[in-house]
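[1] Sequence and predicted structure below; questions after.
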Amino acid sequence: MPKLLKQFLTFAAVGLCGTGIQYLVLWLGVEFLAMKAALASGIGYLLGSVANYLLNYFFTFKDQHGQKSHREAAAKFYTIAGLGWVLNTGLMLLFVDMLAWAYWPAQLLTTAIGLLWNFAGSRWWAFRHPASA
């Protein structure tokens, strides 16, 4: 299996943990706390990103970051994740509040778009070792 495909599949599998956290917060926020879907999704995204960072640092990109410090890797990862959060929350506002989609289909599409963004940024910037640039 090509390294890029293996790394993407590992990234997606690791992402299930963060996505599970995000979806749980989305569901609880909308159904029990009367929160707007975009707000609940955004909070869940932030919480899930902590699990995603740790799992990606130690599993997905461990052979790529060359023992890059957590300070450097986390700063870059959270830059990518922060832009991903803006993308996630903006798309949820668009789909749910402006286009009146149900929040689950909106979140599923938003997650797919975010997966591609987060993988590209993580692989080619956040966890990339300078020697492999």
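    Done, it's in.
[2] make it CA atoms for all contacts and neighbour counts henceforth
    Noted.
[3] Run through the strands of this structure in chain order.
    Counting by DSSP state E, the chain forms no strands at all.
[4] give me the low-pLDDT residue ranges for it?
    Within the chain, the ranges that satisfy pLDDT under 70 run 65-68, 130-133.
[5] Identify each buried residue in the helix ranked longest in it, please.
    For the chain, the helix with the greatest residue count under DSSP state H is helix 3-33. Neighbour-count burial for helix 3-33 flags 7-8, 10-12, 14-15, 17-19, 21-23, 25-27, 29-30 (criterion: 16 or more other CA atoms under 10 Å).
[6] Same question for stretch 33-43.
    Those would be 36, 37, 38, 39, 40, 41, 42, 43, for stretch 33-43 by 16+ other CA under 10 Å.
[7] Inside helices: which ones of these?
    37, 38, 39, 40, 41, 42, 43.
[8] Check these against residue 104 and report the nearest one.
    Nearest to residue 104 among those: residue 37, at 9.2 Å, using CA to CA.
[9] hang on, isn't the closest one packed against residue 28?
    No. Using CA atoms under 8 Å, residue 37 is not in contact with residue 28; the gap is 10.1 Å.
[10] Please name the residues that touch residue 23.
    Applying CA atoms under 8 Å, 6 or more residues apart in numbering to residue 23 gives the contacts 41, 44.
[11] ok, so what distance separates it from residue 128?
    29 Å (CA to CA, to the nearest Å).
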